[in-house]
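# A structural model of the following input is requested.
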Amino acid sequence: MDDVSDEDGAGGRTGAPDNEVDEQFRALMEGLRTTLPGVQVLFGFLLALPFQSDFSTIASVDRFSYGVAFLSSAVASVLLIAPSAHQRVRGLVTGIPRRTRSHLETAVRLTVAGTAAFLVAIMASVHLVTSVRFGSVGAALAMSAIAGLAGWTWFFMPLVSFRRRP
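Reported below is the predicted structural model:
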């Protein structure tokens, strides 16, 4: 097991392994293993979309939705992959312990930001597809429903609902 400290950087103290940090980091990595395939499938779909023959016929608002979806899924991919990359690079390149409390906190922030970017990509993708198929009213309704569902299950429940329970 790697040494884990409360401080990072050159000259920082290296304490005994912190099992709680190690366990939380492993749980975070496991969660990312289930989230990343969804992001990557969406990104792959969006990569192929502009090469379809009908893509040039979509309205400018739909092209904007595509651009938001594409860029947001790329940002989500980068942010969600970052904690795993950090874990692999840190010890080898810097000699700093791979898992520290500050590293865990940074990884969690990157993951939350990546999740938010993924939500933006999903919403823009839903808007694009439903706008083309069902018009602007259908797109607004579908996007609102998905945003509400994701906001409730991804953010409200863990931040608010779970605090109310013992």
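
# where's Arg88 relative to Val68, distance?
Arg88 is 31 Å from Val68, where distance means CB to CB, to the nearest Å. Just so you know, the C-beta spots here come from the backbone N, C-alpha and C atoms, and that holds for glycine as well.

# out of those two, which sits in the more crowded spot?
A count of neighbours by other CB atoms under 10 Å puts Val68 above the other of Arg88 and Val68, at 17 against 11.

# tell me the SS of that one?
Following DSSP: H, G, I helix; E, B strand; the rest coil, we place Val68 in the helix state.

# who's in contact with it?
Val68 makes contact with 120-121, 124, according to CB atoms under 8 Å, 6 or more residues apart in numbering.

# Is it possible to mark the buried ones in the residues you listed?
For those, a burial check counting by 16 or more other CB atoms under 10 Å picks out 120-121, 124.

# Now pLDDT and secondary structure too, for these, in CSV please.
Shown next, in CSV, are the buried ones among the contacts of Val68 (pLDDT from 0 to 100; DSSP: H, G, I helix; E, B strand; the rest coil):
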residue, pLDDT, secondary structure
Val120, 95, helix
Ala121, 97, helix
Ala124, 96, helix
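
# quick one: which of the residues you listed is nearest Met157?
Met157 has its nearest neighbour among these in Val120, at 19.3 Å by CB to CB.

# quick one: the helices in the chain?
Using DSSP state H, the helices of the chain run over residues 19-48, 60-89, 101-150, 162-164.

# Indicate which one of those is closest to Asp54.
Each of the helices of the chain has some distance to Asp54 by CB to CB; the shortest is helix 101-150, at 9.0 Å.

# which strands and helices sit next to that closest one?
helix 19-48, helix 60-89 (3 or more CB pairs under 8 Å, 6 or more residues apart in numbering; DSSP states H and E).
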